[in-house]
Structures are given as C-alpha cells and as structure tokens.
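Enquirer: next comes the sequence, and after it the predicted model I'd like to discuss.
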Amino acid sequence: MITYKFRLYPTKAQEQQLFKTFNSCRFTYNQLLEKLNKSKKINKSGIQHHIIKLKKDNPELDTVYSKTLQYECYRLFSNLKSLSQLKKKGHKVGKLRFKGRDWFKTINYNQSGFKLNQLGTRYGKLHLSKIGDIDIRCHRITSGKIKQITIKKANNKWFAHIVTDGQYTKQKGTGQVGIDLGIINFLSDDKGNHIKSPLFLNKGLAKIKKAHVRLSRKKLGSQNRLRAKQDLSKLYERINNQRTDFLHKLSTKLVLENQLICMEKLAINKMASKKRKFGNRRNLYDCSWGKFISMVKLKAESAGAQFIEVNPMNTSKTCSNCGTIQSIPLSQRTYSCDCGLELDRDTNAARNILAQGLSFVESELLSSSMKQEALTLTQ
C-alpha cells in the first residue's frame with residue numbers, strides 16, 4: 001500500500017459542502033456512539049443499521065455520500081478495538097468520548113464515490129460524490145488502484161490522502177552498514193561518518209514560546225485568539241515538515257547505498273522515562289527515532305535489502321576490536337581500550353551493531369543450509 005498526500009484547492013461553495021460533510025459525519029459518529037453506550041450487547045450490524053433511521057429522522061444526511069457515513073461505524077469499532085488492545089497490555093483506559101468540532105478532522109471515501117483525473121504531473125481534478133470536481137495539485141503520478149481517499153483540513157489548508165494498492169520500488173545498494181542513533185549525532189556509522197541531529201523543535205523553541213504567550217493573552221472565543229492559534233499551529237506544522245523531509249532523505253540514502261542495514265532495537269518510551277530531565281526527553285522525541293526506523297525498514301523491504309535490529313545492550317561499552325566491556329560515562333565521547341583501540345564511542349557502537357547483524361545473517365544462512373541438507377538426506 002502507498003499513501004500519497006496532495007493539496008486540494010476547493011472553491012467557496014465546495015468548501016461549504018466539505019464542512020457540511022464533516023459535521024454530518026461527526027453527528028453520525030456521535031449518534032452511533034450513543035446507541036452503542038445504550039446497548040446491553042455489542043452488535044456491529046445493529047449499530048450500522050441505525051444509520052438508516054438517522055437518515056430518515058435527519059433528511060440533511062441525504063446530501064452526504066452514503067459511504068462516508070457508513071465509514072463512521074467502522075471508525076467507531078476501530079477505536080473500540082484499540083481501547084481493548086491497550087487494556088490487554090495493562091494500560092488504564094476509559095470510555096470512548098463524543099467528538100467535538102475541533103476533534104473531528106477527517107472524512108473518508110472508501111472503495112467508491114471518488115475519481116482522480118491527473119492532468120500531467122502537476123494539476124488535476126478530484127471528483128468526490130455529492131461535492132464535485134475539486135482542483136488538486138499532484139506532484140507525482142499515482143501507481144496502483146485507488147482504494148481509499150481521506151480528506152483532511154489543517155491550518156486552513158485542504159489535503160487528500162490517497163491510498164493505493166501500489167508497491168514501493170526502491171533500488172538497494174551493495175554496502176553493509178551498522179548504525180548507532182543518538183541525540184548529539186543523530187546517526188553514526190561503522191565507517192566513522194556522523195550526521196548531526198538537526199533538532200528542529202529545539203531550534204524553533206523560542207518562536208513557539210512567544211506564540212504560546214500571545215495565544216494565552218487572547219480572549220476566549222475571539223477572532224484574535226483563533227488567529228493566534230492558527231499561527232502556533234503553522235509553526236508546529238513547519239517543524240514537522242522539516243523533520244519528515246530530513247528523515248525521508250536520510251532513510252532513502254541509506255537504502256540506495258546498502259544491502260544490509262543493522263540498527264539497535266530501541267525501547268524509546270522507556271528511554272524517555274520521567275527520571276530524565278525534561279530537556280533531554282524533548283530532544284529525544286524531537287529526534288523521532290521510531291519514525292526513522294520505520295521508514296528505513298519499509299524502504300529496505302521494498303528494495304529487497306536486509307534490515308536487522310540487534311540487542312542494544314553494551315554496544316557502547318564493548319570494544320569492537322577485542323570484545324572487552326568497560327563502563328564509561330556518557331560525557332566521555334572517545335572510547336579507549338588497553339588493546340590500543342581509540343575512536344569515537346558512537347563509531348565503536350556502530351561497529352558492534354554491524355558485527356551482531358553479520359553474525360545473525362551467518363547463523364540464518366547456516367540454519368537454512370542445515371535444513372536443506374536434512375531434506376536432501378531424507379529424500
């Protein structure tokens with residue numbers, strides 16, 4: 001599956017219809033949730049059938065495409081399933097809440113009710129049932145059959161998230177690399193290369209603080225407060241776009257250069273525990289290691305490259321030359337060993353990560369050859 005994000009440019013009339021669709025879907029979701037809360041037994045088909053009664057009692061729902069209303073039943077039970085899974089994992093969860101106007105941000109066209117007409121590689125028309133043909137800016141040609149379209153409004157901009165059944169087609173390289181992730185150096189490899197952490201949130205923190213102060217001084221419900229809120233949202237959007245662009249470019253570069261990529265399997269939530277200082281936790285989340293690892297894994301699989309996550313225990317404390325383990329503080333950035341090895345501690349960790357990955361590959365090849373040999377003997 002591939003998801004494309006394209007900018008929409010609706011007219012004022014189309015924008016009004018989109019807002020109307022948002023409100024209708026939100027109303028349907030809340031009514032279905034109320035029906036679910038009053039039911040003694042959970043019955044998905046009965047809840048979905050309740051949409052017919054809602055349409056009879058509220059004729060304005062007929063102006064909205066029926067599939068978008070039906071999707072709200074799927075959304076409701078997906079949220080319910082997510083809550084039950086969190087509860088099984090030991091998390092403390094409450095009940096599903098009704099959606100307010102500011103907490104309902106997407107509408108979905110599933111399977112039908114849409115048609116994308118791409119006029120070249122820049123502009124096109126997106127037809128949505130009961131809304132019309134909306135101008136869309138397509139910065140690339142979609143591949144595969146369109147399965148679903150999600151419409152979202154963010155910072156006074158409209159976007160279409162188009163999901164297709166296409167497959168990523170990346171090219172893999174010929175190298176092998178071990179990667180150690182950090183806060184000072186976002187990435188350090190076994191060859192001694194370092195990429196500094198951009199820490200986009202940290203760089204824009206002063207502007208964000210000022211925007212928060214301006215927002216706090218505005219009167220509740222006023223237009224000035226709305227504009228201040230939008231200005232703050234634009235700052236966060238810019239930081240998120242910068243971070244995503246950085247992660248995409250770096251993950252693509254890694255896959256294009258290597259056929260084996262080894263990283264640590266990090267428990268990021270435990271690393272960002274409350275014992276850490278607030279600034280360190282903020283910088284840790286600003287790095288977005290989890291998002292980066294997911295990108296590398298997805299692109300490596302699509303290119304046919306091998307992605308291996310290894311145990312991070314003692315990778316920074318073990319000598320990559322002789323295997324001696326020594327305890328060194330985080331402030332010490334150079335790893336020195338009695339065997340004569342002296343190099344950057346992150347590079348040393350990256351070499352240990354690559355060694356673990358290569359040993360895992362060798363063990364996998366050995367086990368597969370033994371299985372093949374056993375099969376030939378039985379035949």
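Expert: Nice, thanks for sending it over. Residues are numbered from 1 along each chain as shown.
Enquirer: all strands for this protein, in order.
Expert: Shown for the chain, the strands assigned by DSSP state E span residues 2-9, 106-110, 114-119, 123-128, 132-137, 146-154, 157-164, 175-181, 185-189, 194-196, 258-264, 306-310, 334-336, 342-344.
Enquirer: which strands and helices lie in contact with the first one?
Expert: When you say that, I think you mean strand 2-9. strand 132-137, strand 157-164 (3 or more CB pairs under 8 Å, 6 or more residues apart in numbering; DSSP states H and E). C-beta here means a position set from N, CA and C on the backbone, and glycine is covered the same way.
Enquirer: V177 and D189 touch, don't they?
Expert: Yes: with contact defined as CB atoms under 8 Å, V177 and D189 form a contacting pair (5.2 Å).
Enquirer: residues contacting F27?
Expert: Applying CB atoms under 8 Å, 6 or more residues apart in numbering, one finds that F27 lies in contact with 58, 61.
Enquirer: measure how buried G290 is and give me the count.
Expert: Per other CB atoms under 10 Å, the neighbour tally for G290 reads 12.
Enquirer: for C73, which of the strands of the chain is the nearest?
Expert: strand 106-110 (11.2 Å; CB to CB).
Enquirer: each with direction, which strands does the closest one pair with?
Expert: Paired with strand 106-110 in the same sheet, following DSSP bridges, are strand 146-154 (antiparallel).
Enquirer: can I get the partner strand as PDB, trimmed to CA atoms?
Expert: What follows is the C-alpha trace of strand 146-154 in PDB, where atoms were taken according to Å, rounded to 0.1, in the frame of the first residue of the first chain:
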ATOM      1  CA  ILE A 146      -7.000   3.800  -5.500                       C
ATOM      2  CA  LYS A 147      -8.600   2.100  -2.500                       C
ATOM      3  CA  GLN A 148      -9.500   5.000  -0.200                       C
ATOM      4  CA  ILE A 149      -9.300   8.800   0.000                       C
ATOM      5  CA  THR A 150      -9.200  10.700   3.200                       C
ATOM      6  CA  ILE A 151      -9.900  14.400   3.200                       C
ATOM      7  CA  LYS A 152      -8.300  16.500   6.000                       C
ATOM      8  CA  LYS A 153      -8.100  20.200   6.800                       C
ATOM      9  CA  ALA A 154      -5.100  21.500   8.600                       C
END
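Enquirer: can you give me the mean pLDDT across that strand?
Expert: Predicted confidence along strand 146-154 averages 92 (mean pLDDT).
Enquirer: picking that back up, now the helices and strands packed on strand 2-9 as JSON lines including mean pLDDT and distance to Q171?
Expert: Formatted as JSON lines, these follow (pLDDT from 0 to 100; distance: least, CB to CB, whole Å):
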{"stretch": "strand 132-137", "mean pLDDT": "92", "distance to Q171": "27"}
{"stretch": "strand 157-164", "mean pLDDT": "92", "distance to Q171": "21"}
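Enquirer: closest to Q259 out of the ones you listed?
Expert: Taking CB to CB as the criterion, Q259 comes closest to strand 157-164 out of those, the separation being 27.2 Å.
Enquirer: what's in contact with that closest one?
Expert: By CB under 8 Å, 6+ apart, the list of residues contacting strand 157-164 reads 1-10, 15, 18, 116, 126, 134, 136, 142-153.
Enquirer: rerun that using 6 Å as the cut-off
Expert: Applying CB atoms under 6 Å, 6 or more residues apart in numbering, the contact partners of strand 157-164 are 2-6, 8, 10, 126, 142, 144, 146-152.
Enquirer: derive a PyMOL selection command for the buried subset of those residues.
Expert: With 16 or more other CB atoms under 10 Å as the burial test, the buried ones among the contacts of strand 157-164 are selected in PyMOL as follows:
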select buried, resi 4+6+8+10+126+142+146+148+149+150+151
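Enquirer: may I see the helices and strands packed on strand 2-9 arranged in CSV, with distance to I208 and mean neighbour count as well?
Expert: Putting the helices and strands packed on strand 2-9 into CSV (distance: least, CB to CB, whole Å; neighbours: other CB atoms under 10 Å) gives the following:
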stretch, distance to I208, mean neighbour count
strand 132-137, 28, 17
strand 157-164, 20, 18
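Enquirer: of these, which is nearest I239?
Expert: Counting by CB to CB, I239 lies closest to strand 157-164 out of the helices and strands packed on strand 2-9; the figure is 16.0 Å.
Enquirer: and the residue nearest the centre of the chain, how far is that from T68?
Expert: The structure's the chain has its C-alpha centroid closest to K291; by CA atoms, centre = their mean the separation is 6.0 Å. K291 sits 29 Å away from T68, going by CB to CB, to the nearest Å.
Enquirer: what would the strands of the chain look like in CSV with distance to S84?
Expert: Compiled in CSV, the strands of the chain are given as follows (distance: least, CB to CB, whole Å):
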stretch, distance to S84
strand 2-9, 26
strand 106-110, 22
strand 114-119, 32
strand 123-128, 33
strand 132-137, 37
strand 146-154, 24
strand 157-164, 25
strand 175-181, 33
strand 185-189, 36
strand 194-196, 41
strand 258-264, 31
strand 306-310, 28
strand 334-336, 47
strand 342-344, 47
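Enquirer: the ones you listed: which one's closest to K53?
Expert: Of all the strands of the chain, strand 106-110 sits nearest to K53, with 21.2 Å by CB to CB.
Enquirer: to the chain's geometric centre, what's the distance from the closest one?
Expert: Between the centre of strand 106-110 and the centre of its host chain there is 19 Å, according to CA atoms, centre = their mean, to the nearest Å.
Enquirer: residues in contact with that strand?
Expert: Judged by CB under 6 Å, 6+ apart, the contacts made with strand 106-110 from elsewhere in the structure are 21-22, 25, 67-68, 71, 148-152.
Enquirer: would you put the C-alpha positions of it in CSV?
Expert: These are the backbone C-alpha positions of strand 106-110, laid out as CSV (Å, rounded to 0.1, in the frame of the first residue of the first chain):
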residue,chain,number,x,y,z
THR,A,106,-11.1,13.7,8.6
ILE,A,107,-13.8,12.3,6.3
ASN,A,108,-13.2,9.1,4.3
TYR,A,109,-14.3,7.9,0.9
ASN,A,110,-13.9,4.2,1.0
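Enquirer: sweet, I'm off.
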